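Undergrad: Build the 3D model from these lines:
(chains A, B and C)
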Amino acid sequence: MDILASTRQAFALLFSGDAELWTIIWISMRVSLIALAAATPPAVVLGYALAHKRFPGRRILVVLIQGLLSFPTVVVGLVLYILLTRQGPLGSWQLLFTQEAMIMGQAVIAFPVLAAFALAAVQGADPRVHETAVSLGASPLRAAITTLLEVRFAVVAGVFNGFGRVISEVGCAMMVGGNIAGVTRNMPTAIALETSKGDFAQGIALGVVLMLFALGISIALGLLQGRGGLK
Amino acid sequence: MSALLAFRHLRKSFGERNLLDLGPFAIGEGEAYVITGDNGSGKTTLLRILAGLEPGEIAGFKFRGVPLTHGRLPDHVRHDIVYVHQHPYLFHTTVMHNIGYGLAARRVDGAERRRLAEEAIAWAGVGHLGGVPLHQLSGGEKQRVALARAKVLKPHLFLLDEPTANLDGEARGQAIALIRQLVQDNGSLLIACHDRELIELPGMRRFHLENGKLVAA
Amino acid sequence: MRPYTSCLRGICRIGAALCLALLAQPLAAAELKLAATHTLHDSGLLNTLIPAFEAASGIKVRLAIGGTGQVIRLAANGDVDAVLSHVKAQEEKLVTSGAGLKRYLVAFNDFFIAGPPQDPARIRGIKDAVEAMRRIHDAKARFVSRGDESGTHVKERELWRAAGLEPKWPGYLSAGAGMGSVLMMAGEMQAYTLCDRATFAAFHARTGLEILAAGDPRLYNEYGVVAANPARFPGINAAAAAKFVAWLTSAEAQRLIAGFRIGGQQVFFLPPTAR
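TA: Next comes the predicted model:
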């Protein structure tokens, strides 16, 4: 269990273009990016609607979204598993232990983050934005798009945040993906497996990649905050 | 001359207090008015209500002779009234995009949009601001861009909220020059302000708002 | 004030030492750190054996479950006092390398190939395990592998080697999980898998899979126990490990193993000559 040797091996794996390692990284990226692409439009629409319109039950929805921000991901995995299992209501779709199931889980996990950030972004928008748009003749849809564009930095910050939440999520991914090599084994599930086997090299390599992602997201958020602050 | 905009009664209250309690009102096509009054007298609120940005109780609203429900104006009427904030908000894009915004909303096609926008940019004298990030523009420059943004739409009614209140010197002069041109072009304007020079522009009429009531002055 | 504070400190020190002594002694004498493979756990046999051993010996068992690769590694590092697995070669290597004392055969059963009732690869009733694997490969049918260096995985690899085939087609899924999880997965996907009789019986109702190809002598599956070598690892509880090995090969344990039933079926069998 020589940690130094494992670490050296880890970097060798990373830079040698080890196929197994990069497949895992690719699966992580693919699943998380698709999940975010799927979850962002409806979440942004919901965030805008919650910020803009008054309708019965609005406050309950806002509280719900903010509560879901830290919803345990294993429970998302549990519910999804029950839905997708062969005997379950969606069993005929045969999606359990596929990337599609992981994408569904990550989309659900990211959704409240994206919606909450969009809501905050629109609430924080200068009220003159919407008024200007409307008084220049914009339809409600055009005014909405204009408002969102004006606060785009804050919305994008939400996307980064959501990405950070799902790229390293292990519970749901393990349960509905099954950690199958080359198919549903992503970075966090691979790290869990390799650690339990005592093979640290791959785990360390993937851990380094995940930390680089986290660092990158942090830096991006910092830059966005700076840009968005200028009005 | 037929009335451009008229109403029988307009009221705006905050709780117990009546901010505005106006009787029959009418302005005609091609007429320009300043609305004067102390701060807090409700000048801005009146304009914002007419612009549809704030709710108010209006009875007997008519635009160009057509009786309408003020809260639910058809698009072609909405497009005919343009409101300009006291501190105009410019979208974080370009001067060209800002000025073309309303045209895009009215589905004017790209080439025509560009032509009209360039005309308006020349009119307002803001052509040199093309490359400047919009948040760096001075108050006067923003006001001129906002006026161009409104003018390019050729609305039947301009609602200008204190257009020169935060400007002085050359900036103020430039804004007043543009407004004078709007008046000379037979535009219909309602301008909330207490700027001496605007009040005394040739062709400018005047309302005075006091204690929630309008008096001709 | 001063004489009292030093007195107080002294009392505290003695008190702490006493507590540690009281707590430590019973723990050291009466705890066995045991590592066992998934198959023994998932079948439920350990849930019968361990409480019986604890009652008979008064020793508390701390159980770690893993694939054979993992549990053998724990024993090789001296992280456990005894290990139960089902790959004879690796257990014997523990002994020859000096990490373990001696290997005892505890029980045996068999592996077989389970799969969906529709049997797309047509292996039902085939006695030759290698032939069955070849048919699954040729049909490119879905197969879920343990993929975790466990005894079952080692056996599966032996069969592929014997068939001269490389298991690499889109339907061949390497799960990296225990036998129970793999069975659930195979059930979900209606796939084939290699598994041991005991775990299969325990999960049978939940998976909807059937035993399709069994009986090949190559599928024989032996369970062995090895106690850690106290000469190599002074910190281990040699006394508890010795008691465990003795109990496991005793008449009482053998009765429990042979009498263990899942769904009315016996799934573990005793070696012909008891210790």
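
Undergrad: Which parts of chain B are helices?
TA: Taking DSSP state H as the test, the helices found in chain B are B:43-51, B:75-78, B:95-105, B:110-124, B:139-151, B:169-184, B:196-199.

Undergrad: how about TSV for these, with mean neighbour count, distance to C:Ile236 and mean pLDDT added?
TA: No exception for glycine: its C-beta is placed from N, CA and C like everyone else's. Converted to TSV, those look like this (neighbours: other CB atoms under 10 Å in any protein chain shown; distance: least, CB to CB, whole Å; pLDDT from 0 to 100):
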stretch	mean neighbour count	distance to C:Ile236	mean pLDDT
helix B:43-51	23	83	92
helix B:75-78	14	85	84
helix B:95-105	22	76	93
helix B:110-124	17	82	92
helix B:139-151	24	80	93
helix B:169-184	17	88	91
helix B:196-199	16	96	87
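
Undergrad: if you go through the stretch 151-275 of chain C in chain order, where are the helices?
TA: C:151-163, C:179-189, C:197-207, C:238-248, C:251-259 (DSSP state H, counting those that start in this stretch).

Undergrad: all helices of the stretch 1-150 of chain C, in order?
TA: Counting by DSSP H, counting those that start in this stretch, the stretch 1-150 of chain C has helices at residues C:2-29, C:38-43, C:45-57, C:68-76, C:88-96, C:129-139.

Undergrad: Which one of those lies nearest to chain A?
TA: helix C:68-76 (5.5 Å; CB to the nearest CB).

Undergrad: got a list of contacts for the closest one?
TA: Helix C:68-76 is contacted by residues A:196-198, C:35-37, C:64-66, C:80, C:82-87, C:90-91, C:93-94, C:97, C:99-100, C:148-154, C:226, C:228 when judged by CB atoms under 8 Å, 6 or more residues apart in numbering or on different chains.

Undergrad: so what's the spatially most central residue of chain B up against?
TA: Chain B has B:Leu159 as the residue nearest its centroid, 2.0 Å off, counting by CA atoms, centre = their mean. B:Leu159 makes contact with B:47, B:50-51, B:81-84, B:189-190 under the criterion CB under 8 Å, 6+ apart.

Undergrad: 10 Å instead?
TA: With contacts defined as CB atoms under 10 Å, 6 or more residues apart in numbering or on different chains, the neighbours of B:Leu159 are A:135, B:35, B:44, B:46-53, B:81-85, B:150, B:188-192.

Undergrad: Which strand residues bridge B:Leu214?
TA: B:Leu209 (DSSP bridges).

Undergrad: Which pLDDT does the model give it?
TA: The model reports B:Leu214 with a pLDDT of 85.

Undergrad: Does A:Phe111 touch A:Leu64 like I think?
TA: No. Contact criterion CB atoms under 10 Å: A:Phe111 and A:Leu64 do not qualify, at 11.4 Å.

Undergrad: separation between the residue lying farthest from the centre of chain B and chain A?
TA: The outermost residue of chain B, judged against the average C-alpha position, is B:Glu16 (29.3 Å), by CA atoms, centre = their mean. B:Glu16 is 23 Å from chain A, where distance means CB to the nearest CB, to the nearest Å.

Undergrad: and that residue, how far is that from chain C?
TA: Going from B:Glu16 to chain C by CB to the nearest CB gives 68 Å.

Undergrad: again, but for A:Glu131
TA: For A:Glu131, the distance to chain C - CB to the nearest CB - is 55 Å.

Undergrad: Is that residue within a helix or a strand, and which one?
TA: If you go by DSSP states H and E, A:Glu131 is part of helix A:127-135.

Undergrad: What is that helix packed up against?
TA: Packing contacts for helix A:127-135, counted by 3 or more CB pairs under 10 Å, 6 or more residues apart in numbering or on different chains; DSSP states H and E, involve helix A:140-150, helix B:43-51, strand B:81-84, helix B:95-105, helix B:139-151.

Undergrad: Out of the helices and strands in chain A, which is least certain?
TA: Across the helices and strands of chain A, mean pLDDT, DSSP states H and E gives its lowest value to helix A:200-229, namely a mean of 84.

Undergrad: Is that one positioned near chain C?
TA: No. Helix A:200-229 lies out of reach of chain C by CB under 10 Å from any CB of the partner chain, never closer than 11.7 Å.

Undergrad: Surely C:Cys163 touches C:Arg134?
TA: In this structure residue C:163 is Ala, not Cys. Yes. Contact criterion CB under 10 Å: C:Ala163 and C:Arg134 qualify, at 4.9 Å.

Undergrad: tell me, what's touching those two both at once?
TA: Taking CB under 10 Å, 6+ apart as the criterion, C:Ala163 and C:Arg134 both touch C:Asp128.

Undergrad: if we can go back for a sec, dump the helices of the stretch 151-275 of chain C to TSV, plus mean neighbour count, mean pLDDT and distance to B:Ile199.
TA: Conversion of the helices of the stretch 151-275 of chain C to TSV gives the following (neighbours: other CB atoms under 10 Å in any protein chain shown; pLDDT from 0 to 100; distance: least, CB to CB, whole Å):
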stretch	mean neighbour count	mean pLDDT	distance to B:Ile199
helix C:151-163	20	93	92
helix C:179-189	24	93	81
helix C:197-207	21	91	87
helix C:238-248	19	94	102
helix C:251-259	15	93	106
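
Undergrad: For chain A, which of the ones you listed is the nearest?
TA: Nearest to chain A, of the helices of the stretch 151-275 of chain C and by CB to the nearest CB, is helix C:179-189 at 5.2 Å.

Undergrad: Ignoring the adjacent residues along the chain, who's closest to A:Thr78?
TA: Check again: residue A:78 is Leu, not Thr. Leaving out its chain neighbours, the residue that sits closest to A:Leu78 by CB to CB, 6 or more residues apart in numbering or on different chains is A:Met175, at 6.8 Å.

Undergrad: can I assume that neighbour sits in a strand?
TA: No. With DSSP: H, G, I helix; E, B strand; the rest coil as the criterion, A:Met175 is assigned helix and is not in a strand.

Undergrad: and it, how far is that from chain C?
TA: The spacing between A:Met175 and chain C, counted by CB to the nearest CB, is 10 Å.

Undergrad: What's the local residue count around that residue?
TA: Other residues within reach of A:Met175 by the criterion other CB atoms under 10 Å in any protein chain shown amount to 23.

Undergrad: isn't it right next to A:Leu83, touching?
TA: No. A:Met175 is beyond contact range of A:Leu83, at 11.9 Å (criterion: CB under 10 Å).

Undergrad: From the chain's centroid, how far away is the least confident helix or strand of chain A?
TA: Computed by CA atoms, centre = their mean, to the nearest Å, the chain-centroid distance of helix A:200-229 equals 14 Å.
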